[in-house]
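Novice: no sequence on hand, only this structure:
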């Protein structure tokens with residue numbers, strides 16, 4: 001994340017977020033950027049008043065364009081959005097399938 005956008009993110013956190021424990025506004029020094037993974041950045045907020053640590057996950061959209069940082073075309077995004085969220089049962093079924101496939105590969109070697 002570019003320093004300009006990181007500063008903007010920190011300003012937004014200071015303006016819109018308060019400590020959930022004591023309702024204190026965060027100072028600049030209370031906010032620590034932990035890193036960025038794909039479309040998300042991770043920030044730790046530590047209240048200067050009560051010391052409560054909070055981990056925040058923020059969308060790492062391109063602040064200039066508002067577009068997400070991925071390679072999907074608009075038509076592909078619409079296609080995947082129409083399919084809806086992946087359910088827990090679908091994830092479990094995929095896990096069973098991949099585990100079974102992995103064990104078959106091991107046995108064939």
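Specialist: Good, I have the coordinates. For clarity, every value in this text was computed on a predicted model and none was experimentally measured. Residues are numbered from 1 along each chain as shown.
Novice: where does the prediction get shaky in the chain?
Specialist: For the chain, applying pLDDT under 70 flags the ranges 1, 61-74, 102-109.
Novice: can you tell me the centre-most residue of it?
Specialist: Nearest residue to the geometric centre of the chain (CA atoms, centre = their mean): residue 40, 3.4 Å.
Novice: wait, it touches residue 55, no?
Specialist: No. Judged on CB atoms under 8 Å, residue 40 makes no contact with residue 55 at a distance of 11.6 Å. Heads up, the C-betas are built off the backbone N, CA and C, glycines and all.
Novice: can you map out the helices along this protein?
Specialist: 3-16, 74-83, 88-108 (DSSP state H).
Novice: which of these sits most buried?
Specialist: Greatest average neighbour count among the helices of the chain goes to helix 3-16 (a mean of 13), per mean count of other CB atoms under 10 Å.
Novice: what's the distance between that one and the middle of its chain?
Specialist: Taking CA atoms, centre = their mean, to the nearest Å, one finds helix 3-16 lying 16 Å from the centre of the chain it belongs to.
Novice: elements contacting that helix?
Specialist: Secondary-structure packing of helix 3-16 (3 or more CB pairs under 8 Å, 6 or more residues apart in numbering; DSSP states H and E): strand 31-37, strand 40-46.
Novice: list of residues touching that helix?
Specialist: Here helix 3-16 makes contact (CB atoms under 8 Å, 6 or more residues apart in numbering) with 1, 25-28, 31, 33, 41, 43, 45, 56, 58, 63.
Novice: circling back to that earlier point, okay if I get the helices of the chain as TSV plus distance to residue 51?
Specialist: Listed next are those as TSV, based on distance: least, CB to CB, whole Å:
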stretch	distance to residue 51
helix 3-16	17
helix 74-83	41
helix 88-108	36
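Novice: of those helices, which approaches residue 49 most closely?
Specialist: When those are compared by CB to CB, helix 3-16 sits nearest residue 49, at 14.1 Å.
Novice: next, the angle strand 40-46 makes with the closest one.
Specialist: Orientation check (axes from the mean of the first three to the mean of the last three CA atoms, to 10 degrees): helix 3-16 against strand 40-46 gives 50 degrees.
Novice: thinking again about what came up before, pick the most deeply packed of the helices and strands packed on helix 3-16.
Specialist: Of the helices and strands packed on helix 3-16, strand 40-46 is the most buried (mean count of other CB under 10 Å), at a mean of 17.
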